[in-house]
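Asker: Need coordinates for the below:
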Amino acid sequence: MATLTIAQDPTADKVLSEDPFALLTGMLLDQQFPMERAFAGPAKVLDRFGTLDPAAVAAAEPEAFADLCATPPAIHRYGRSMAGRIQALAVVVRDEYGGDASAIWTGVVDGRELVARLKALPGFGDQKARIFAALLGKQLGVRPDGWEDACGAYAEHGSFRSVADVVDEGSLQKVREFKKAAKAAAKAKG
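Answerer: Residues are numbered from 1 along each chain as shown. Coordinates of the predicted model:
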C-alpha cells in the first residue's frame, strides 16, 4: 500500500494510507479549510472516537459526534456541520458498500463509473469526485479504463492542481500556488 503524505503529519498520513474511509473523509473535509488540516481530520476523529468504522460512525449519537468533531483543535472550521456530513457519508458506505469504503472504487467498469459513484456520495460534487478519482489513480494505482478522461485535467501528469498531486511539502506548496493563481484569474474575469 502507498504511503500518502497529504496531511504532512506522520500519524495522520498513516491513518489516511491505511484506512479507505479515512481517506474518503479527508476528501470530504477538503473545502474552505487548509488541505493538510482537512486531511488530518480523520486522525482526530479516530483519536477522539476510537474508530473510523463506518457503521460505528453512522450509528453515533449526532450531538455527541458533533461535539467531538468541534472540540479544539476542531476537525474543520465548521466542525459541527462537517460531523453531520461525515455521518451521512458513513451511512452510505455502511448501507451501499457493506461498510468498506474501498468497495466504491474496486470493481468499477471504467473511470466514468468511478466518478459517478463518487459524485453520488454526500458532499461530493463533480469536481471533488474527479479530484478524488485522480488521487486514487495517481497515488494508489486505482486506474480503471478511461480514468484519466473521467478525471480531466486533474489526471495530468506533472500538474499541481489538487490534492491528487501532493506527495511532499514542495508539491503541497505548488498546489497552493496553482490554486491561488486560479482564484486570482477567476476574480480578474469578474
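Asker: Could you pull out the helices in this protein for me?
Answerer: Ranges of helices in the chain, per DSSP state H, are 10-18, 20-29, 35-49, 54-59, 62-70, 79-96, 111-119, 126-140, 147-151, 169-189.
Asker: In a markdown table: those helices, plus mean neighbour count, mean pLDDT and distance to residue 163.
Answerer: C-betas here are computed from N, CA, C, even on glycine. Below are the helices of the chain laid out as a markdown table (neighbours: other C-beta atoms under 10 Å; pLDDT from 0 to 100; distance: least, C-beta to C-beta, whole Å):
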| stretch | mean neighbour count | mean pLDDT | distance to residue 163 |
| --- | --- | --- | --- |
| helix 10-18 | 19 | 97 | 10 |
| helix 20-29 | 26 | 98 | 7 |
| helix 35-49 | 21 | 97 | 6 |
| helix 54-59 | 18 | 98 | 21 |
| helix 62-70 | 16 | 98 | 20 |
| helix 79-96 | 20 | 97 | 17 |
| helix 111-119 | 20 | 98 | 14 |
| helix 126-140 | 22 | 97 | 6 |
| helix 147-151 | 20 | 97 | 12 |
| helix 169-189 | 12 | 91 | 7 |
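Asker: For residue 159, find the nearest of those helices.
Answerer: helix 169-189 (7.9 Å; C-beta to C-beta).
Asker: Now do the closest one: which elements does it pack against?
Answerer: Secondary-structure packing of helix 169-189 (3 or more C-beta pairs under 8 Å, 6 or more residues apart in numbering; DSSP states H and E): helix 35-49.
Asker: The helix it packs on vs helix 62-70, what angle?
Answerer: 130 degrees (axes from the mean of the first three to the mean of the last three C-alpha atoms, to 10 degrees).
Asker: the inter-axis angle of helix 35-49 versus helix 169-189?
Answerer: Going by the same axes, to 10 degrees, helix 35-49 makes 120 degrees with helix 169-189.
Asker: Give me the contacts around helix 35-49.
Answerer: 6-9, 11-13, 15-16, 19, 21-23, 25-27, 29-31, 52, 56-57, 60, 65, 68-69, 71, 73, 75-76, 82, 86, 163, 166, 172, 175-176 (C-beta atoms under 8 Å, 6 or more residues apart in numbering).
Asker: hmm, 7 Å instead?
Answerer: Applying C-beta atoms under 7 Å, 6 or more residues apart in numbering, the contact partners of helix 35-49 are 6-9, 11-12, 15-16, 22, 25-26, 29-30, 52, 68-69, 75-76, 163, 172.
Asker: Which of the helices of the chain sits closest to residue 104?
Answerer: Residue 104 sits nearest to helix 111-119 of all the helices of the chain, at 5.2 Å, using C-beta to C-beta.
Asker: No further questions, thank you.
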